[in-house]
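[1] missing the sequence, but the structure's below:
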């Protein structure tokens, strides 16, 4: 699926941002990711310190020296408002130049909604780090970068016409890599516990496929296929 349109059975349609062949598999991924967020949120609700797993991983990752410390802070910046704006602007401008409006909407709404969901969940989980005012679960920074990478991977899979297996592998690999990178940065800088970052990554995995599906449905409802 390349460019801005596809032709199927004589019908001219805008390119979907959630490839049809991947919808079933990503729906399963979204459900499982939601369950992980729920289970972790319940497990660590109200905690003010690391769990056993958090402590073990945190000992290895926290307080790294140069140049890793600088890499961790540079990665963390990508989840800050300024860094996120740079990534989103570059992505949206690229989509609009390619005349892929749906893709631009996904790149804006997907990561934005993923971060919004983490903000709604944080007071519900009420887990804190570095003081009572710092709500920790799930990590918004991790959710953002995971969601951004996942959205890009979905667009790449659709444009390349990948099958259900290869497309899903690409999407999960991109999301996992981005989530692991930002998750490491959050733990290394002491901003989050490791399980907070898992929650953020899974939040993105649950939100982005749903947003992509909704974008396609709304676009198709506004512009019915014409033979």
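    Noted; the coordinates are in hand. Just so you know, these numbers come straight off a predicted model, no measurement behind them.
[2] so, low pLDDT: which residues of the protein?
    Residue ranges of the chain with pLDDT under 70: 1-14, 223-227.
[3] which helix or strand contains the residue nearest the centre of it?
    Closest residue to the average C-alpha location of the chain: residue 147 at 1.7 Å, with Cα atoms, centre = their mean. If you go by DSSP states H and E, residue 147 is part of helix 140-160.
[4] okay, buried residues for the helix or strand just after that helix please.
    Next helix or strand after helix 140-160 toward the C-terminus (DSSP H and E): helix 164-188. In terms of neighbour count (16 or more other Cβ atoms under 10 Å), helix 164-188 has its buried residues at 164, 167-168, 170-172, 174-176, 178-188. Placement of C-beta: from N, CA and C, glycine included.
[5] repeat for stretch 45-59
    In terms of neighbour count (16+ other Cβ under 10 Å), stretch 45-59 has its buried residues at 47, 50-51, 54, 57-58.
[6] tell me how far the ends of that stretch are from each other?
    Start and end residues of stretch 45-59 are separated by 22 Å (Cα to Cα, to the nearest Å).
[7] if you count contacts, what does the helix holding residue 147 end up packed against?
    helix 81-97, helix 101-125, helix 164-188, helix 194-222 (3 or more Cβ pairs under 8 Å, 6 or more residues apart in numbering; DSSP states H and E).
[8] quick one: list the elements packing against the shortest one.
    To tie it back to what came earlier, the one meant is helix 81-97. helix 101-125, helix 140-160.
[9] try it again at 6 Å.
    Packing contacts for helix 81-97, counted by 3 or more Cβ pairs under 6 Å, 6 or more residues apart in numbering; DSSP states H and E, involve helix 101-125.
[10] angle of the helix it packs on against helix 140-160?
    Relative orientation of helix 101-125 and helix 140-160, computed by axes from the mean of the first three to the mean of the last three Cα atoms, to 10 degrees: 150 degrees.
[11] got a list of what the residue lying closest to residue 92 once chain neighbours are set aside touches?
    In this structure, residue 92 finds its nearest non-sequential neighbour in residue 104, 4.6 Å apart by Cβ to Cβ, 6 or more residues apart in numbering. With contacts defined as Cβ atoms under 6 Å, 6 or more residues apart in numbering, residue 104 is in contact with 92, 95-96.
[12] from the residues you listed, pick the one nearest residue 213.
    residue 95 (17.9 Å; Cβ to Cβ).
[13] for residue 121, list the residues it contacts.
    residue 138.
[14] and if we set it to 7 Å?
    41, 138 (Cβ atoms under 7 Å, 6 or more residues apart in numbering).
[15] quick one: which of the helices and strands packed on helix 140-160 is nearest residue 138?
    When these are compared (using Cβ to Cβ), the closest one is helix 194-222, at 3.0 Å.
[16] show me what the closest one is packed against.
    helix 23-43, helix 52-61, helix 101-125, helix 140-160, helix 164-188 (3 or more Cβ pairs under 7 Å, 6 or more residues apart in numbering; DSSP states H and E).
[17] make it 10 Å
    Contacts defined by 3 or more Cβ pairs under 10 Å, 6 or more residues apart in numbering; DSSP states H and E place helix 194-222 against strand 11-14, helix 23-43, helix 52-61, helix 101-125, helix 140-160, helix 164-188.
[18] residue 206: which of those is closest?
    Of all the helices and strands packed on helix 194-222, helix 23-43 comes closest under Cβ to Cβ, at 4.3 Å.
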